[in-house]
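*Asks:* The following comprises the amino acid sequence and a computationally predicted model.
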Amino acid sequence: MTPAAAHALLARLLAGVAPEVDLDAVDPTASFTEEARLDSLDFLNLMNALRDEAGIDVPERDYPLLQTVEGFVDYVASHGVGGA
Amino acid sequence: MVPNLVVPTVGDYEAARAAFSWADARAGLDGLPGGRGLNIAHEAVDRHTAGPGRDRVALRWLRRDGSVTAATYGDLARATNRFANALRDLAVGRGDRVVTLLGRVPELYVTVLGVLKNRGVACPLFAAYGPEPVRRRLALSGGRVLVTTPALYRRTVAPVRHELPDLEHVVLVGGDGGPGSGGREAGAGGSGTGEPDPGRGGPVLAFDRLLAAASDRFTIPPTDPEDRALLHFTSGTTGAPKGALHVHEAVVAHHATGAVALDLHPDDVFWCTADPGWVTGVSYGLVAPLAHGVTTIVDEGDLDAARWYRILEEQRVTVWYTAPTALRMLMRAGADLARAHDLSRLRFVASVGEPLGPEVVVWGREALGVPVHDTWWQTETGGIMVANLAGAEVRPGSMGRPLPGVEAAVLARGPDGRAAVAPDGAVEPVDAPGVAGELALRPGWPSMFRGYLHDEARYRACFAGGWYLTGDVVRRDADGWLWFVGRADDVITTAGHLVGPSEVESALLAHPAVAEAGAIGVPDPVVGEVVTAFVTLGPGHAPSEELRRHLLGFARRRLGPAVAPRAIAFDQDLPHTTSGKIVRRLLRARARAADPHGSREGPGP
């Protein structure tokens, strides 16, 4: 998956979990909890949505790698299949 | 220290109950020198500084950026003296409310203890609250001082500061380029008012400058054990949040229950994962362990399974107090992750906030090497009342037994599900085992709340026939263990904290498309209950996925993730009473019927 596709996927998933977040206004290097005001349950729901809607099942030990927009995009771009 | 050689504080339950008295428990504390009363901050901090405890680490903060900040009891005494002096310089004194809206940063702990030294009332608010819950609680608290961060201030408080006439001083921690990082605040220790800055909500002060300008010597003034000390907000089914007031005498219960229910011993390293925005994070994340002089770990970050195991291992945590939701999240991460860490120091694990399923107790034995001990208490009780105790049998799924010094009863219920109260005020304790009734406690324990702020009627309504009525329905088994059955009201328990349905509903009703809203908790295997709202749209609005998401975002912006619904469903036919009120009980039944597999296993026998 290209980084642009991963970013678009994140935007789509966030719209389901936390529709109030304006992804373009979020500092891509700050954690979702700090910057986008997600709590740990929101993050869990984001991971579940990633599994259910994009087929990417992230093991819990990798969760810290996806805590920022940048980290999420990097991880999904290198782990996701196809153009999604 | 060899964990297995630590003798549990309570060996024989019946003997401990018979021998216990609150007067003896009080004797375990020092009191202010010269018989000047009892102050929580003296017991938690200053009394340790007379001896070798002075150089012991009191608090060790694991910061978000990976760094570690540690404060010895001596450091903490000086920093809290400075904050107490700073408050005095601002002419903030006895009984004045000081509110914090902060993450688990060192400044939060310094503020709370400094306020207590100055005989003010500390009111920590959860930083994940959105602007609406913050505004309501700040207004109700009558807080004269707010300590928060520039980002939280800008986002949550500045827009509504003009609606908070009691709020005189805003103190900002750290700088991120927002207000507070500039140099124009009033000189610390000066008049206390900065230059007006209406564009940003009003004048602000800088925490570091206030502290730097204040003396590190402070003598705690005479403190009556009944002086108000802590204000914690909790939620009811209807109406405004309830501000439960606690007094300095509560420290007697915090100290005693720290030993009896959490098995604290002098050499322990203790970690309480609760945020001080909830009562647990103050009673047991701050007061109880400090009163015992042990080292307490504070993790500034959010739940992360791998990091949490690393903390348990690297910090050599011996006693751990956490929540069922957190434990269930760890369970999801698998026992292998736990076994990859050396948790051999861990001697005692306890949990609070919602019913602890038997499967978690069993998992604890396998993954952590120790069972998880459920404890039960509430904001109003101020401290642990019922628990599975160290050194006693753990009954998986049970809340445990009343602590020494706590008299509990199960009261027969009336048609509304609450304890039946006769016209003369009498209630009827049920002695037969296995019968569900409302859990009641005999007033007299030191950490009992002394009132709801500005709401004497609601406070009085909590008592009947000489009992405090908890609102929780329980069963007692033949041996005296209590088993949680459910709430007697409509309050939602999610991720270990209470959410008032009316607070959720009123936020949704502020949207022009919403004609009616009903909020309930829908059972969930991880967080206990998920806040779920059913919404009836007004004329001219049609249900759509776009509108559903819009409402979700609308509610989250106002309420913050801790309170906002995670799910919204449209329902043009909400169930009503004849007087037009929404029947949340029927909403819950509908939700169960729609998702029969969503319900968790019942905790009862």
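*Replies:* Nice, I can see it.
*Asks:* which secondary structure element contains whatever residue of chain B ends up closest to chain A?
*Replies:* With C-beta to the nearest C-beta as the measure, residue B:553 is the residue of chain B nearest to chain A, at 3.5 Å. The C-beta positions use only the backbone N, C-alpha and C, and glycine is treated the same way. Using DSSP states H and E, residue B:553 falls within helix B:545-559.
*Asks:* Contact residues of chain B facing chain A?
*Replies:* Contacts of chain B with chain A, taken as C-beta under 8 Å from any C-beta of the partner chain, map to B:64, B:128, B:302-307, B:329, B:332-334, B:337, B:495, B:526-527, B:549-550, B:552-554, B:556-557, B:560-562, B:566.
*Asks:* What residue in chain B is the furthest from its centre?
*Replies:* Farthest-out residue of chain B from its mean C-alpha position, per C-alpha atoms, centre = their mean: residue B:540, at 42.2 Å.
*Asks:* so how far is residue B:515 from that residue?
*Replies:* 10 Å (C-beta to C-beta, to the nearest Å).
*Asks:* now do residue A:13
*Replies:* Distance of residue A:13 to residue B:515, given as C-beta to C-beta: 30 Å.
*Asks:* related to what we said a few turns ago, if I've got this straight, the residue farthest from the centre of chain B is in a helix?
*Replies:* No: with DSSP: H, G, I helix; E, B strand; the rest coil as the criterion, residue B:540 is assigned coil and is not in a helix.
*Asks:* Give me the pLDDT for it.
*Replies:* The model reports residue B:540 with a pLDDT of 95.
*Asks:* For it, give me phi and psi.
*Replies:* phi 90, psi 0 (degrees, to the nearest 10).
*Asks:* Return the residues in contact with it.
*Replies:* Neighbour list for residue B:540: empty [criterion: C-beta atoms under 8 Å, 6 or more residues apart in numbering or on different chains].
*Asks:* Give me the helices and strands touching the helix of greatest length in chain B, please.
*Replies:* For chain B, the longest helix by residue count, based on DSSP state H, is helix B:73-89. Contact partners of helix B:73-89 among helices and strands, from 3 or more C-beta pairs under 8 Å, 6 or more residues apart in numbering or on different chains; DSSP states H and E: strand B:57-62, helix B:106-117, helix B:207-213.
*Asks:* any chance of these in TSV, with mean pLDDT too?
*Replies:* Conversion of these to TSV gives the following (pLDDT from 0 to 100):
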stretch	mean pLDDT
strand B:57-62	98
helix B:106-117	98
helix B:207-213	96
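*Asks:* how about low-confidence regions in chain A?
*Replies:* A:81-84 (pLDDT under 70).
*Asks:* which parts of it sit against chain B?
*Replies:* A:15-16, A:18-21, A:31, A:33-34, A:37-45, A:60-61, A:63-64.
*Asks:* do that again at 10 Å, thanks
*Replies:* A:15-22, A:31-45, A:59-64, A:67 (C-beta under 10 Å from any C-beta of the partner chain).
*Asks:* any chance you could map the helices in chain A?
*Replies:* A:3-17, A:32-35, A:40-54, A:69-79.
*Asks:* show me what contacts residue 46?
*Replies:* Went with chain A since none was named. Residue A:46 is in contact with A:10, A:13-14, A:16-18, A:32, A:38, A:58, A:63, A:66, A:72, counting by C-beta atoms under 10 Å, 6 or more residues apart in numbering or on different chains.
*Asks:* try again with chain B
*Replies:* Residue B:46 neighbours (C-beta under 10 Å, 6+ apart): B:30, B:32-33, B:39, B:73-74, B:76-77, B:80-81, B:113, B:117, B:218-220.
*Asks:* Any of the residues you listed buried? List them.
*Replies:* B:32, B:39, B:73-74, B:76-77, B:80-81, B:113, B:117, B:218, B:220 (16 or more other C-beta atoms under 10 Å in any protein chain shown).
*Asks:* mind putting the residues you listed in a markdown table, distance to residue B:170 included?
*Replies:* Formatted as a markdown table, the buried ones among the contacts of residue B:46 follow (distance: C-beta to C-beta, whole Å):
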| residue | distance to residue B:170 |
| --- | --- |
| B:32 | 31 |
| B:39 | 26 |
| B:73 | 30 |
| B:74 | 30 |
| B:76 | 24 |
| B:77 | 26 |
| B:80 | 20 |
| B:81 | 22 |
| B:113 | 20 |
| B:117 | 21 |
| B:218 | 23 |
| B:220 | 26 |
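*Asks:* quick one: average confidence on the longest helix of chain B?
*Replies:* 98.
*Asks:* Next secondary structure after it?
*Replies:* strand B:97-101.
*Asks:* Send me that following strand as PDB with only the CA atoms.
*Replies:* Output in PDB follows, covering the C-alpha atoms of strand B:97-101 (Å, rounded to 0.1, in the frame of the first residue of the first chain):
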ATOM      1  CA  ARG B  97     -11.500  25.100  46.000                       C
ATOM      2  CA  VAL B  98      -8.400  24.600  43.700                       C
ATOM      3  CA  VAL B  99      -9.200  22.600  40.600                       C
ATOM      4  CA  THR B 100      -6.700  20.700  38.500                       C
ATOM      5  CA  LEU B 101      -7.100  19.700  34.900                       C
END
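*Asks:* can you map out the helices along the stretch 451-600 of chain B?
*Replies:* With DSSP state H, counting those that start in this stretch, the ranges of helices along the stretch 451-600 of chain B come out as B:456-460, B:501-509, B:545-559, B:584-594.
*Asks:* okay, these, which one's buried deepest?
*Replies:* Of the helices of the stretch 451-600 of chain B, the one with the most neighbours on average (mean count of other C-beta atoms under 10 Å in any protein chain shown) is helix B:501-509, at a mean of 22.
*Asks:* ok, back up a step: residue A:13 and residue B:515: which is more packed in?
*Replies:* Legend: neighbour count by other C-beta atoms under 10 Å in any protein chain shown for residue A:13 and residue B:515, higher for residue A:13 (21 against 15).
*Asks:* quick one: low-confidence ranges for chain B?
*Replies:* Using pLDDT under 70, chain B drops low at B:1-11, B:175-201, B:596-605.
*Asks:* okay, which residue is most central for it?
*Replies:* residue B:278 (2.0 Å).
*Asks:* Return the residues in contact with it.
*Replies:* Residue B:278 touches B:124, B:126, B:232-234, B:285, B:323, B:352-353, B:379, B:496-498, B:562, counting by C-beta under 10 Å, 6+ apart.
*Asks:* 8 Å instead, please
*Replies:* B:126, B:232, B:379, B:496-497.
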